[in-house]
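Visitor: Make a model of this:
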Amino acid sequence: MIRIVVADDHRVVRSGLEQLIATFGDVELVGVAADGAEAVEHCSRARPDVALVDLAMPVADGIEATRGILAASPGTHVVIFTSFSDRERILRALDAGAIGYVLKDAEPEDLHRAIAAAARGEAPLDPKAAAEVLASRTAPAAALSDREREVLVLVGAGLANKQIGTKLGISEKTVKGHLSRIFHELGVTDRTQAALWAERNGLLSHG
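Guide: The predicted structure is shown next:
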């Protein structure tokens, strides 16, 4: 039996999920939360196999809740259940540790399959979410020059601009110029986000 906690701030959605999950013969609902903090509390206490978590919630949103749930119950697999399908939210959720991303317009059988897949440790992604993840892994990388990729790898390794310049034999000003273009191409705003992108896309292991 798959044990699950559901977190959503809309009463109607929670009620609908309770009724739907009751029809899944292999899934047991062990907690229902109206915000992210409650979700963490339920998971800390019940240690469910899966937590189905909305993104936009009061007190703590889905991103914060995901981090809190994984800290409180490391064996729980978090699946984001939301109406948002933009790339930034998807990647932030996955970076926070969510294993899956399902949209609220999913068919009941698709949600059931996603819950079962997450319980097995697989990564259920809605096709729209998967397309955004794929785009994030390919398009920006192709737009970077070889030198920019070298700079990005060194940023991911934790080097400061001056250290990068020394290692590559270029000026610190040139490094900053490369970084500006890298941030623009990847759609990130700082070094930390760029480093996360590099790690997520395997650049560090090949750098």
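Visitor: domains of the chain?
Guide: Taking automatic domain parsing as the reference, the chain has its domains at 2-133, 144-200.
Visitor: okay, those domains, which one's buried deepest?
Guide: Burial of those is given as mean neighbour count (mean count of other Cβ atoms under 10 Å); domain 2-133 ranks first at a mean of 19. C-betas here are computed from N, CA, C, even on glycine.
Visitor: chain center to it, what's the gap?
Guide: 11 Å (Cα atoms, centre = their mean, to the nearest Å).
Visitor: Could you look up the SS state of residue 3?
Guide: Taking DSSP: H, G, I helix; E, B strand; the rest coil as the rule, one finds residue 3 in the strand state.
Visitor: ok, now which ones touch it?
Guide: Applying Cβ atoms under 8 Å, 6 or more residues apart in numbering, we find residue 3 in contact with 28, 30, 46, 47, 48, 49, 50.
Visitor: nearest residue to it other than its sequence neighbours?
Guide: residue 48 (4.4 Å; Cβ to Cβ, 6 or more residues apart in numbering).
Visitor: How about residue 196?
Guide: residue 95 is the one closest to residue 196 (Cβ to Cβ, 6+ apart), at 5.9 Å.
Visitor: so that neighbour is in which element?
Guide: helix 87-96 (DSSP states H and E).
Visitor: mind listing the helices for this structure?
Guide: 11-21, 36-46, 62-72, 87-96, 108-119, 127-143, 146-156, 161-168, 172-186, 191-200 (DSSP state H).
Visitor: Tell me which of these approaches residue 102 most closely.
Guide: Smallest distance to residue 102 across these (Cβ to Cβ): 4.8 Å, for helix 108-119.
Visitor: Can you spell out which helices and strands pack onto the closest one?
Guide: strand 2-7, strand 27-33, strand 50-53, strand 77-82, strand 100-103 (3 or more Cβ pairs under 8 Å, 6 or more residues apart in numbering; DSSP states H and E).
Visitor: Outside of stretch 12-25 itself, list whatever touches it.
Guide: 4, 6, 8, 27, 29, 32, 34, 52, 54, 104, 108, 111-112, 115.
Visitor: looking at it, the residue nearest to residue 3 is touching residue 5, isn't it?
Guide: Yes - under the criterion of Cβ atoms under 8 Å, residue 48 makes contact with residue 5 at 4.6 Å.
Visitor: Common neighbours of these two, please.
Guide: With Cβ under 8 Å, 6+ apart as the test, residue 48 and residue 5 both reach 30, 31, 42, 76.
Visitor: Now the second one. Nearest residue, chain neighbours left out?
Guide: When you say that, I think you mean residue 31. residue 42 (3.3 Å).
Visitor: shouldn't that neighbour be in contact with residue 34?
Guide: No - Residue 42 sits out of contact with residue 34 when judged by Cβ under 8 Å, with a separation of 10.5 Å.
Visitor: Between all of the contacts of residue 3, which two are at the greatest distance?
Guide: 28 and 47 (12.7 Å).
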